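>>> coordinates only, sequence not included:
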């Protein structure tokens, strides 16, 4: 079993839809949870992060962590074609980057 | 600030050749990292550095070497290139915390 599991997609939605992206994990010691957005042929860009449990909202994006279920989600409201990208979840036990585990990414396409 | 700059963007190597992938950051970050990204495999850590003169192995270091003589630069050396090293390579840097990460645009390497 992989330490972090992420459905690769692709996920195709119409513009304006609510998108839900998810990851599951097996290491209960993870404390830092991050979402990266990666456009085609570009480097990953940190989108949002949460520490421990709970929700965090930033504009159209909401990150949610459920530690009891070992499940994290990223919601995108009013999705736009510019949201079309691959979304990577990442997790870490500590703040040190050498211990970050990445998901394989979910490819999202928002159709105008 | 230019952020994290990687050169070259693309390269084709023949089996057995060597090359150096360059990475430079102008944010005075302490921590720098090299990842490789393969389809369906997520980002895997090759080497990392916590400061000038200090480097350490990540998850997949075989076939690679690094050095860090300055805070700004963190080159990755491939000796005796093999087809298994065909991948997209990303350099990343952070100041202190995992939530402050910046990635370069990547180097797409093909070994034939």
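In hand now; what should we look at? These figures come from a predicted structure and were not determined experimentally.

>>> what parts of chain A come near chain B?
A:4, A:8, A:32, A:34, A:41-46, A:49, A:88, A:90, A:92, A:94-98, A:100, A:102-105 (C-beta under 8 Å from any C-beta of the partner chain). For the C-beta atoms, the positions are set from N, CA and C on the backbone; glycine is no exception.

>>> what subset of the residues you listed is buried?
By neighbour count, with 16 or more other C-beta atoms under 10 Å in any protein chain shown, the residues of chain A next to chain B hold A:4, A:32, A:34, A:43-44, A:46, A:49, A:88, A:90, A:92, A:95-98, A:100, A:102-105 as buried.

>>> and the residue of chain A closest to chain B?
residue A:43 (3.6 Å; C-beta to the nearest C-beta).

>>> wait, a helix at that residue?
No - the assignment for residue A:43, made by DSSP: H, G, I helix; E, B strand; the rest coil, is coil rather than a helix.

>>> and the pLDDT at residue B:90?
Predicted confidence (pLDDT) for residue B:90: 98.

>>> how near is it to residue A:66?
Distance, residue B:90 to residue A:66, by C-beta to C-beta, to the nearest Å: 29 Å.

>>> identify the residues contacting the residue of chain A closest to chain B.
In this structure, residue A:43 makes contact with B:4, B:90, B:92, B:103, B:104, B:105, B:106, judged by C-beta atoms under 8 Å, 6 or more residues apart in numbering or on different chains.

>>> again, only using 6 Å
B:90, B:103, B:104, B:105, B:106 (C-beta atoms under 6 Å, 6 or more residues apart in numbering or on different chains).

>>> can you give me the neighbour number for residue A:59?
Other residues near residue A:59 come to 9 when the count uses other C-beta atoms under 10 Å in any protein chain shown.

>>> roughly how far apart are it and residue A:108?
17 Å.

>>> now do residue B:22
Counting by C-beta to C-beta, the gap from residue B:22 to residue A:108 is 32 Å.

>>> pairing partners for residue A:50 in the sheet, please.
Note on residue A:50: beta-bridge partners by DSSP bridges are residue A:33.
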